[in-house]
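Engineer: My questions concern the predicted model and sequence given below.
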Amino acid sequence: MNKKLRNAIEYYPFIALVKLLRFLPYWLSRALILSLFYMVGYLIGIRKKVANTQLRKAMPELSPAERKHILRRMYRLMGLTSAEEYLIPEKKLIAMTSLTGREYVDEARALGRGAILATAHFGNWEAARIMPCFQIPLSVVTKRQRNTRFNDFTDRIREQHGVSVIDMKRGLRDIIHHLNKNELVAILADQNAGPHGVIFEFMGYPASHWLGVAKISLRYRVPILPAFALRNPDDSLTFAYEPMIYHPELEDNPDNYELILRELDDILIRYIRSYPEQWFWVHKRWKGAYDMFKD
């Protein structure tokens with residue numbers, strides 16, 4: 001099938017559904033999205049086996065009942081994230097969002113080098129688009145999706161409050177440009193890097209880590225600012241900023257890349273263990289280094 005035709009066939013029904021749901025009161029459209037994720041994700045089980053296997057192996061202390069509860073919550077939170085990305089009135093999203101650790105943002109930007117905002121597939125990471133509304137200038141590094149129409153539509157949502165979108169393929173030049181403007185540049189630091197990464201243990205199993213965050217930090221003396229978009233019990237959001245990881249005394253070499261990445265992993269794992277339902281367990285984090293499904 002022609003690529004443009006395929007993109008159109010996928011895109012226009014999606015846009016029609018979004019417009020229909022936006023026409024409804026948000027409480028109703030949100031309820032419909034949550035029901036869809038519960039039925040298709042949790043009951044039918046889209047990637048549920050992947051999520052359950054990784055959760056069972058990475059957190060073996062959990063009972064089957066606890067894992068079941070976590071996965072059910074995970075699919076619900078995925079539904080909320082989708083509703084808040086495409087349907088929620090922006091004023092409502094801003095009003096339901098708070099920040100903790102703002103002093104760490106100010107401390108990092110006081111260095112005048114910008115900062116890498118190291119985040120993860122955690123909570124509602126897409127809601128970072130509203131950070132400029134809190135006077136935090138932000139750019140985000142993304143991988144372009146196969147469907148260019150869908151990609152462009154999503155990017156327009158990300159950009160509406162002043163966030164700049166950086167294509168991963170041409171990333172370094174644009175990343176440095178935005179860091180030189182003393183902005184935060186958000187990078188998802190929990191992605192499988194495949195054969196291009198450095199392999200070391202993550203939650204008990206070998207995992208391939210992208211070097212980019214550590215390389216940029218050491219090569220350009222840029223602080224790393226860990227941050228996570230936490231979902232609260234009342235479904236509001238809190239952007240939690242952690243103290244920066246900054247080691248200008250370290251040389252720019254592979255051994256120190258791993259040291260930086262391990263320090264970042266420690267923070268991410270602490271959040272995953274504290275809020276396991278908020279991590280994206282359907283993502284095959286260990287795929288590039290270990291077969292989680294071999295037994």
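Structural biologist: Great, that's in hand.

Engineer: How about the contacts made by the residue nearest to residue 34 when sequence neighbours are not counted?
Structural biologist: The shortest distance from residue 34 to any non-neighbouring residue, by C-beta to C-beta, 6 or more residues apart in numbering, is to residue 79 (4.4 Å). Quick note: C-beta positions are derived from backbone N, CA and C, even for glycine. Residue 79 is in contact with 33-34, 36-38, 41, counting by C-beta atoms under 8 Å, 6 or more residues apart in numbering.

Engineer: make it 6 Å
Structural biologist: The contact partners of residue 79, by C-beta atoms under 6 Å, 6 or more residues apart in numbering, come to 33-34, 37.

Engineer: now do residue 37
Structural biologist: Residue 37 neighbours (C-beta under 6 Å, 6+ apart): 75, 78-79.

Engineer: Which one of those is nearest to residue 155?
Structural biologist: Within these, distances to residue 155 taken as C-beta to C-beta reach their minimum at residue 78, with 20.4 Å.

Engineer: Need the pLDDT of the residue nearest to residue 34.
Structural biologist: Looking at residue 79, its pLDDT reads 96.

Engineer: and it, backbone torsions?
Structural biologist: Residue 79 adopts backbone torsions of phi -60, psi -40, taken as degrees, to the nearest 10.

Engineer: which ones are touching residue 228?
Structural biologist: Counted by C-beta under 6 Å, 6+ apart, residue 228 has contacts 122-123, 240, 271.

Engineer: now the helices for this protein?
Structural biologist: Per DSSP state H, the chain carries helices over the ranges 3-23, 26-36, 48-58, 64-86, 90-95, 102-109, 148-159, 171-180, 212-220, 254-274.

Engineer: angle of the second one against helix 64-86?
Structural biologist: Relative orientation of helix 26-36 versus helix 64-86 (axes from the mean of the first three to the mean of the last three C-alpha atoms, to 10 degrees): 140 degrees.

Engineer: I'd like to know how many residues surround the residue nearest to residue 257 when sequence neighbours are not counted.
Structural biologist: Distances taken as C-beta to C-beta, 6+ apart put residue 214 closest to residue 257, at 4.0 Å, once the chain neighbours are dropped. Using other C-beta atoms under 10 Å, residue 214 has 29 neighbouring residues.

Engineer: circling back to that earlier point, of the contacts of residue 228, which belong to strands?
Structural biologist: Counting by DSSP state E, the part of these found in strands is residue 240.

Engineer: Out of the contacts of residue 228, grab the one that's most surrounded.
Structural biologist: Busiest of the contacts of residue 228 [other C-beta under 10 Å] is residue 123, holding 26 neighbours.

Engineer: Could you pull up the contacting residues of that one?
Structural biologist: For residue 123, the contacting residues are 228-231, 278, by C-beta under 6 Å, 6+ apart.

Engineer: 8 Å instead, please
Structural biologist: 77, 81, 228-231, 237, 275, 278.

Engineer: same question, residue 271
Structural biologist: 120, 122, 228, 278-279.

Engineer: From residue 189, how far out is it?
Structural biologist: Distance of residue 271 to residue 189, given as C-beta to C-beta, to the nearest Å: 12 Å.

Engineer: between those two, what contacts are shared?
Structural biologist: Common contacts of residue 271 and residue 189 (C-beta under 8 Å, 6+ apart): residue 120.

Engineer: pLDDT weak spots in this protein?
Structural biologist: 1 (pLDDT under 70).

Engineer: Identify the residue nearest the geometric centre of it.
Structural biologist: For the chain, residue 121 is the residue whose C-alpha lies nearest the centre (C-alpha atoms, centre = their mean; 3.2 Å).

Engineer: Next, the contact list for that residue, please.
Structural biologist: Residue 121 touches 188, 190-191, 279-280, 283, counting by C-beta under 8 Å, 6+ apart.

Engineer: out of everything not next to it in sequence, what's closest to it?
Structural biologist: That would be residue 280: by C-beta to C-beta, 6+ apart, it lies 3.4 Å from residue 121.

Engineer: ok so, going back, now, of the helices of the chain, which is deepest in the fold?
Structural biologist: The highest mean neighbour count among the helices of the chain, using mean count of other C-beta atoms under 10 Å, belongs to helix 212-220: a mean of 21.

Engineer: could you say what helices and strands that one packs with?
Structural biologist: On a contact count with 3 or more C-beta pairs under 8 Å, 6 or more residues apart in numbering; DSSP states H and E, helix 212-220 meets strand 115-119, helix 171-180, helix 254-274.
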